[in-house]
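>>> Fold the following and give me the result.
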Amino acid sequence: MSDPRPVVAAARRSPFGRYRGGLSHIRPDDLLAEVIRGLVAAVPSLDPASIDDVYMGDSNGAGEDNRNVARMSALLAGLPVTVPGVTLNRLCGSGAEAIVQAARAVRSGDIDIAIAGGVESMSRAPYVLPKSDNVLDPKMRLEQTTVGWRMVNPAMPKHWTDSLGECAQRSAEARGITRLEQDEWALRSQELAAAAWDAGCHEGFVMPIADVTTDESIRRGTTLEGLSALKPAFTKDGSVTAGNSSTLNDGAVATLITSQAGAADLDLEPLGLILGSAVVATEPDDFATAPVYAVRKLLARQGLSFEDISLFEINEAFAAMVLTVLHDLPEIDRAKVNPNGGAIALGHPVGASAARVIADTCRTLRRNGGGLGIATACIGVGLGIAVLVEA
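Predicted coordinates:
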């Protein structure tokens, strides 16, 4: 009997470019199209006409991603016009949501093969001008769409809509997490990310684009002294700085999702099995704690303990957020967390990040001989997602 369990059969991503860096001249639909082409080219046994759907995460949608970037990029990549595409938005969890929905469709038998991942070009996010109820309203103003809240509904409580950095900072302060601890985590991320690149951990996964060959936000030579000298980024006397926060980035990720049987038909050794997922919600300004509940919910549903998990990939929106999660989940051995660095160093192109986290979980487990891993991310407006994989 064929094995219907969904797998990540292959994966490719762009380097994550700095804000206004080496990828900033590339439209998001073109950037994703190039990664899709790279993924398809890496699997010569794959007939592009056999792809049942393209699922992509994208948190903006207000600009050149043109509402349904999955479909646009599939066409630009040269896939047959008969291949559909759907774009999903769960903010920072969008890329993971795309992979999860593709995996569910495979498991249910609705589809056999999908491409799933995410994209974000934060450099090219447009300003938008909301329409006014008044003709020639002199109070009309442009709204940035790069990150965070925009066109906020006045019915929302003010503390819900504070900046993400300020909210993460409050979570850390409530737990006694210091500026030094946050800077130490940021330094860890930078050092591990640089070491992983030096060790060739991303070979066969990250594909050069437009002369950009590595993640541009890695800051080699980072020191605690340098981090400690940075000014607070969100409040006058706060602990969250540009150095212990993730960066604004441009990037795209594409994975090939099929069943175990489908991977065998394509003569592919899967990177990992997708065993389950969980999403949760909490107070919007308490988003930093959401991965705590997502991980606990996922483990309970799967009948697993923390000791069963060999690797935790936590998307590093802020060091304050990661340390909040680890404070509330003391069962996690920190040596199992983000062994190749995280978004503080690698970057955080919002729609693509959680797809990168899932792919890295699979690839790291496989490189280390297998086991179970959890990829998790906090998400704005009080959401969290966690995905269980096995390699």
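>>> So Arg219 sits against Gln190, correct?
Yes. Using C-beta atoms under 8 Å, Arg219 is in contact with Gln190, at 5.6 Å. Glycine gets a C-beta too; all of them are placed from N, C-alpha and C.
>>> Compare these two (neighbour count), which wins?
Using other C-beta atoms under 10 Å as the criterion, Arg219 and Gln190 rank with Gln190 on top: 24 against 19.
>>> Next up, phi/psi of the more buried one, please.
For Gln190, the backbone dihedrals (degrees, to the nearest 10) come out as phi -60, psi -40.
>>> Now do the contacts for it.
218-220, 222, 341, 344-345 (C-beta atoms under 8 Å, 6 or more residues apart in numbering).
>>> State the pair within those that is farthest apart.
Arg220 and Ile344 (13.7 Å; C-beta to C-beta).
>>> circling back to that earlier point, can you check the contacts of Gln190 and name whichever has the most neighbours?
Ile344 (31 neighbours).
>>> count of residues packed around Val83?
Counted with other C-beta under 10 Å, Val83 comes out at 21.
>>> mind checking pLDDT for it?
Looking at Val83, its pLDDT is 98.
>>> again, but for Asp53
98.
>>> Isn't it up against Thr87?
No. Between Asp53 and Thr87 there is no contact under C-beta under 8 Å: 11.5 Å.
>>> can you pull out the strands in the stretch 201-350 of the chain?
249-259, 272-281, 311-314 (DSSP state E, counting those that start in this stretch).
>>> Deepest-packed of these, please.
strand 249-259 (a mean of 31; mean count of other C-beta atoms under 10 Å).
>>> What's the mean pLDDT across that strand?
Strand 249-259 comes out at a mean pLDDT of 98.
>>> just to revisit the earlier point, I'd like to know which of the strands of the stretch 201-350 of the chain lies nearest to Val325.
Per C-beta to C-beta, nearest to Val325 of the strands of the stretch 201-350 of the chain: strand 311-314, 6.1 Å.
>>> tell me what the closest one is packed against?
Counting contacts by 3 or more C-beta pairs under 8 Å, 6 or more residues apart in numbering; DSSP states H and E, strand 311-314 packs against helix 350-367, strand 372-379.
>>> Sheet partners, orientation included, of the last one?
What it means is strand 372-379. strand 311-314 (parallel), strand 383-390 (antiparallel) (DSSP bridges).
>>> Can you redo those as CSV, where the extra columns are mean pLDDT and distance to Val279?
Formatted as CSV, the strands paired with strand 372-379 follow (pLDDT from 0 to 100; distance: least, C-beta to C-beta, whole Å):
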stretch, mean pLDDT, distance to Val279
strand 311-314, 98, 16
strand 383-390, 98, 5
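>>> before we move on, the earlier item: so can I have TSV of the helices and strands packed on strand 311-314 showing mean neighbour count, mean pLDDT and distance to Pro284?
Formatted as TSV, the helices and strands packed on strand 311-314 follow (neighbours: other C-beta atoms under 10 Å; pLDDT from 0 to 100; distance: least, C-beta to C-beta, whole Å):
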stretch	mean neighbour count	mean pLDDT	distance to Pro284
helix 350-367	28	98	16
strand 372-379	28	98	10
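>>> quick one on the thing from earlier: residues shared between the contacts of Arg219 and Gln190?
Ala345.
>>> how close does Val100 sit to Leu273?
As judged by C-beta to C-beta, to the nearest Å, Val100 and Leu273 stand 13 Å apart.
>>> How about Arg301?
16 Å.
>>> Ok, Ser163 next?
For Ser163, the distance to Leu273 - C-beta to C-beta - is 38 Å.
>>> Arg363 too?
13 Å.
>>> what's the overlap in contacts for those two?
Ala391.
>>> Now do the same contact list for Gly243.
183, 186, 222, 226-227, 230.
>>> go on, Leu326?
Applying C-beta under 8 Å, 6+ apart, the residues near Leu326 are 332, 334, 337.
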